[in-house]
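[1] structure of the sequence below:
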Amino acid sequence: IPNCNACNQQGGPLQKAFAVPVSMAKWNKDKKLYKRSMFGRQIWCHSLCGIWCPQISIENGEFNCTMTIMSKGLTHINEKWTCALCCRRDKVKVKCSEENCRYRGSKSPYRYHVSCARQAGFEISDEMRHDGINFTTMCFEHIKSEYSFKALLEDFIALEKMRVARTLGSLGKDKPMPLDHCVRLLQMAVKILAVLGWAWRWAE
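    Below is the predicted model of the structure:
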């Protein structure tokens, strides 16, 4: 089963990707090593990871991961950084888009796999600007309120409080919940569960 070249998330739709070595002189001497490397075999990438990782580009409908792979073709360039969410060093990490972001008092910003950030409820957004599309990732300290787990919970509670004040006073506590309210609660609950999904996955 193929895995994403940029993250550790299992499953999901994958697209073809590739990486090209700086020179083939070394690899022509050892074809077996070349085939075992990420340069010589088919690699894959989630669309989300490929689009939001600035080191990955798109060429002829495939993701070019050349800038993410070490010259030996076996590891990734930024494996010296640990994902702030899953604590793994492998694969490709992106950093928080906030210029002054600092991870736990260090001099470096928060870095994480894009798929980890999405499941943790971090901001993964894009905005059309005059110079093209601006792809943004924000850690939990800099995300907008709609991405905050606490904000989602507060909105969920506030919505239920509004229903209780509006319906129970006039209709009585035994009346069924209106269908439109059921739908809104379900939609908000799905968002909250999505935020918690990353924690459950790594706890396993």
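
[2] buried residues, stretch 51-67. List them.
    In terms of neighbour count (16 or more other C-beta atoms under 10 Å), stretch 51-67 has its buried residues at 51, 52, 53, 55, 56, 62, 63, 64, 65, 66. C-betas here are computed from N, CA, C, even on glycine.

[3] ok, stretch 7-22 next?
    Buried residues in stretch 7-22 (16+ other C-beta under 10 Å): 7, 8, 9, 14, 17, 18, 19, 21.

[4] got phi/psi on the fifth one?
    Right, residue 17. As for residue 17, its main-chain torsions (degrees, to the nearest 10) stand at phi -140, psi 170.

[5] touching stretch 78-91 from outside, list them.
    Contacts with stretch 78-91, where a contact means C-beta atoms under 8 Å, 6 or more residues apart in numbering, come from 4-8, 68, 75-76, 92-93, 103, 108, 110-113, 116-117, 120, 139, 198, 202.

[6] show me which pair in the buried residues of stretch 7-22 is furthest apart.
    9 and 21 (26.7 Å; C-beta to C-beta).

[7] what about residue 55, which SS state?
    Secondary structure for residue 55, judged by DSSP: H, G, I helix; E, B strand; the rest coil, is coil.

[8] for this structure, which segments count as helices?
    31-36, 47-52, 114-119, 149-163, 169-171, 179-203 (DSSP state H).

[9] these: lowest mean pLDDT?
    Among the helices of the chain, helix 169-171 carries the lowest mean pLDDT, at a mean of 51.

[10] from the contacts of stretch 78-91, which land in strands?
    The strands, defined by DSSP state E, take in 111, 112 from the contacts of stretch 78-91.

[11] of the contacts of stretch 78-91, just the buried ones, PyMOL syntax please.
    Buried members of the contacts of stretch 78-91, defined by 16+ other C-beta under 10 Å, are picked up in PyMOL with:
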select buried, resi 4+5+6+7+8+68+76+92+93+103+110+111+112+113+116+117+120+139+198+202
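
[12] with distance to residue 45 and pLDDT added, can I get the buried residues of stretch 7-22 in JSON lines?
    Listed next are the buried residues of stretch 7-22 as JSON lines, based on distance: C-beta to C-beta, whole Å; pLDDT from 0 to 100:
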{"residue": "7", "distance to residue 45": "9", "pLDDT": "91"}
{"residue": "8", "distance to residue 45": "13", "pLDDT": "88"}
{"residue": "9", "distance to residue 45": "11", "pLDDT": "84"}
{"residue": "14", "distance to residue 45": "7", "pLDDT": "89"}
{"residue": "17", "distance to residue 45": "4", "pLDDT": "96"}
{"residue": "18", "distance to residue 45": "10", "pLDDT": "96"}
{"residue": "19", "distance to residue 45": "10", "pLDDT": "96"}
{"residue": "21", "distance to residue 45": "18", "pLDDT": "94"}
